[in-house]
Structure formats: C-alpha cells, structure tokens
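Asker: I'll drop the sequence and a predicted model, then ask my questions.
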Amino acid sequence: MKYYKLNGENVSRLGFGCMRFKILGDDNGKIDKETSSEIILDAIDKGLTYIDTAYPYHDGTSEKFLGEFLEENNLRDKILLTSKLPCWLVKEKDDFYKLFNEQLNNLRTKHLDFYLLHSLDIKRFRQMVDLGVFDFLDDLKAKGLVKNVGFSFHDNYEAFEEIIKSYDWDFCQIQLNYLDTNYQAGIKGYELAKNLGIPVVVMEPIKGGRLANPPAEIMDLLENFTDLSPAQEALKFPLSLDNVMTVLSGMNDINQVRENIDMASIVDYNSLSEEDIDFYEKARAIYKSKEQIGCTACEYCLPCTVDINIPKVFSLWNNAYLYDESKKSKSQYENYLKDGVNPVECIECGKCEGICPQNLEIIKGLKQAHDFLS
C-alpha cells in the first residue's frame with residue numbers, strides 16, 4: 001500500500017467508504033455485519049488506514065456498526081477514522097456539538113482523525129457560516145477532538161472556490177473520476193486545491209460502481225492496451241493525481257478490496273501513459289452518448305415524500321442504455337412496480353431536487369424513465 005503523509009500520519013492511498021456495505025435482504029439499514037467485518041479486516045491487514053463513514057449512511061447504522069467493529073477488534077488506534085457533520089440537521093449553534101457528541105458515541109471513540117462538513121453546496125455552506133461553524137471547528141481542533149477538518153462538496157466550481165478559500169482547511173473531498181472531469185468542482189477544483197496546498201480526497205472514483213461494468217465498446221478499447229479490469233483502470237485515474245490524498249471506494253466484496261488495494265499499491269503519481277489518457281477521452285465520449293441521467297445511487301433523495309425509489313428507477317433507465325439491457329431493465333421495472341411506488345405518483349414537491357448532490361432534474365427524469373421503461 002502506498003501512503004500520503006499528512007501531519008505525521010500515513011494516509012493509505014485507498015480509503016474504505018462505509019456507505020455501500022453488503023446488506024441483509026433489501027433493508028439498507030441492516031448491514032451484513034459478518035461479511036462486512038471480514039472485508040474491513042482484510043483491508044486493514046493489507047495496509048489500509050483510512051476509513052470513512054457518515055451520520056446518515058445505511059439509514060444511520062453505519063457509524064454504530066463501525067464503532068462496534070473497531071472496539072470489538074481493538075483496531076481504533078490502528079486506523080484513521082473519518083466522519084461527517086450532517087449539516088442539514090443543524091438549525092442552531094448547539095446542534096453542532098449535539099450531533100458531534102452523538103457521533104463520538106456512535107463510533108465509540110474520544111476523537112476523530114478527520115471530520116468533514118457533509119455535502120456542502122453554497123446555500124448550506126453560508127447557513128453553516130452564519131451559525132458559527134468556523135468557531136466550532138476551531139474549538140474541536142483546540143480540544144484535540146478532531147485532528148483534521150475538511151468538507152465534502154456538491155455544487156459548481158464557483159461555489160467550491162468560495163468555500164475552499166474561506167477557511168484554513170486541512171483537506172477537502174470532491175467527486176472525481178475519468179468521466180466527471182468537468183462536473184461540480186472537477187479537475188479545475190482539484191487544481192485550485194493543489195495550488196492552495198489543500199490535499200484532496202476523491203469520492204465516486206468508479207461513479208457508484210458504474211465504471212466497473214462498461215459497455216462493450218469501452219471493454220474493446222480497454223482490452224487493446226491493458227490487462228487491468230475496468231474498475232482498476234478507473235481507479236488509476238485519481239490515484240495518479242499528485243494532490244490526491246486518498247481515493248474512497250465503497251467495497252462490499254473481498255475481491256473488490258484486493259483488486260483495489262493492488263492498484264493503490266502500484267500506481268505512482270503522474271504515471272498515466274498516453275494509452276491511458278487516450279482511453280479516458282474515448283470512453284468519456286462513449287458514456288456521454290449513452291447516459292440518460294447522472295444518478296450515482298447515493299440515496300440522498302430518499303425517503304421520497306411518496307416513497308418512490310428514485311435511484312432504483314434511474315438505475316434501470318440508465319442500465320438499459322449503458323449496458324444494452326433494455327429488455328432486462330423493463331422486466332425488472334415491471335417487478336419493481338409490483339411492490340414499489342409508480343413514478344406517476346410523484347407530487348412534484350421538489351424535496352428530492354433540493355437535496356440531490358448531482359443537482360439532477362429528478363421530476364422530469366422520473367417521467368421520462370417511466371415512459372421508457374413501461
């Protein structure tokens with residue numbers, strides 16, 4: 001495993017994202033603890049140090065599971081523990097401390113190595129500033145409750161520039177993969193962070209797993225120049241960027257862990273070949289020509305006011321085009337409608353669009369998806 005040095009800590013170049021654990025049945029709040037524990041143990045044994053969770057992951061159970069796991073296995077001091085403040089729940093200044101203390105209890109720890117303001121857009125950020133978030137962060141660091149503070153970001157570049165220049169951040173977290181180089185903060189935001197001396201954590205390097213299962217045209221491109229899997233080639237892109245501290249992956253299979261750790265152990269900074277760069281450019285063009293809506297299944301839009309499973313509907317719609325699975329997607333949609341809420345029941349309240357990190361036109365997309373899939 002290769003490491004990034006930050007304030008005396010060895011940050012593994014691969015980080016374990018705790019948003020996509022294997023679950024029992026279809027209940028996102030019921031983590032398969034046995035399987036997930038085995039996977040995390042294997043990752044730590046192979047040198048992974050950075051573990052990332054958050055207050056809402058797995059319907060509020062991710063932090064609790066992780067805290068129990070670390071305590072039971074006596075691993076707290078062997079890893080760098082990261083969580084995030086659910087800014088949308090902060091209504092007054094006291095909520096900063098109330099939520100943070102709840103998170104410490106969930107994680108069964110006395111301090112966090114990394115702490116982020118979660119899912120910032122410019123509106124939410126300014127609300128946090130008005131409530132005194134900078135004093136709160138200063139206080140946490142002064143008391144030794146948090147070693148490094150940062151933010152995770154979901155808005156346009158202009159918002160990113162305002163946020164990153166507003167405080168002495170230790171790091172920041174952005175969505176970046178070879179497909180999304182001009183999306184949200186994008187490469188331009190990455191370069192700004194680099195110029196400011198602020199390390200970057202990359203999320204969605206495989207775009208919610210979608211880059212691991214590319215269309216046939218992309219597989220043909222890949223097989224022409226490398227033996228790497230699609231997921232490994234996708235990871236290679238952010239791992240090669242010299243201001244990327246760690247690349248997060250939401251791993252729920254031990255083979256994913258081993259494959260990803262292999263890449264984090266061999267990819268050097270600034271190591272992309274001409275063939276890699278050519279592949280990324282051609283693959284972007286192919287994907288963009290097929291994608292219907294840029295949903296990454298983060299589930300921030302859930303629960304829907306009328307209980308439509310928005311990520312499920314969009315996944316079926318995209319899969320039909322991205323992976324040539326029209327017949328399969330329509331069949332799965334028919335099965336979904338037997339128990340799930342039909343998108344035609346959408347009341348257009350706009351709640352989902354207000355919280356979507358990707359700023360998607362969800363209401364319009366649901367109509368289009370239903371028209372196609374039905």
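Answerer: Good, I have the coordinates.
Asker: contacts, neighbours, all on C-alpha from now
Answerer: Fine.
Asker: Can you tell me the centre-most residue of this structure?
Answerer: For the chain, residue 203 is the residue whose C-alpha lies nearest the centre (Cα atoms, centre = their mean; 4.1 Å).
Asker: What residues are bridge-paired with that one?
Answerer: Taking DSSP bridges, one obtains residue 175 as the residues bridged to residue 203.
Asker: looking at it, it is touching residue 185, isn't it?
Answerer: No. Residue 203 is not in contact with residue 185 according to Cα atoms under 8 Å; the separation is 12.0 Å.
Asker: Quickly list what's touching both of the two.
Answerer: Counting by Cα atoms under 8 Å, 6 or more residues apart in numbering, the common neighbours of residue 203 and residue 185 are 174, 175.
Asker: where do the helices sit along the stretch 51-200 of the chain?
Answerer: Counting by DSSP state H, counting those that start in this stretch, residue ranges of the helices within the stretch 51-200 of the chain are 57-60, 62-72, 93-107, 122-130, 133-142, 157-164, 186-195.
Asker: Who are the packing partners of the last one?
Answerer: Counting contacts by 3 or more Cα pairs under 8 Å, 6 or more residues apart in numbering; DSSP states H and E, helix 186-195 is packed against helix 157-164, strand 200-203.
Asker: how about the CA coordinates for the helix or strand just after the shortest one, as PDB?
Answerer: Read that as strand 200-203. Sequence order places helix 216-223 as the next helix or strand after strand 200-203, per DSSP states H and E. Written as PDB, here are the backbone C-alpha positions of helix 216-223 (Å, rounded to 0.1, in the frame of the first residue of the first chain):
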ATOM      1  CA  ALA A 216     -18.900  -3.400 -24.900                       C
ATOM      2  CA  GLU A 217     -17.300  -0.600 -26.900                       C
ATOM      3  CA  ILE A 218     -15.300   0.500 -23.800                       C
ATOM      4  CA  MET A 219     -14.300  -3.000 -23.000                       C
ATOM      5  CA  ASP A 220     -12.900  -3.300 -26.500                       C
ATOM      6  CA  LEU A 221     -10.800  -0.200 -26.000                       C
ATOM      7  CA  LEU A 222      -9.500  -1.400 -22.700                       C
ATOM      8  CA  GLU A 223      -8.500  -4.800 -23.900                       C
END
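Asker: How about helix 216-223, which residues are buried there?
Answerer: 218, 221, 222 (16 or more other Cα atoms under 10 Å).
Asker: Hey, what's the angle from the helix or strand following it to helix 216-223? Just curious.
Answerer: Per DSSP H and E, the first helix or strand lying C-terminal to helix 216-223 is helix 230-239. Interaxial angle of helix 230-239 relative to helix 216-223 (axes from the mean of the first three to the mean of the last three Cα atoms, to 10 degrees): 70 degrees.
Asker: Lovely, talk soon.
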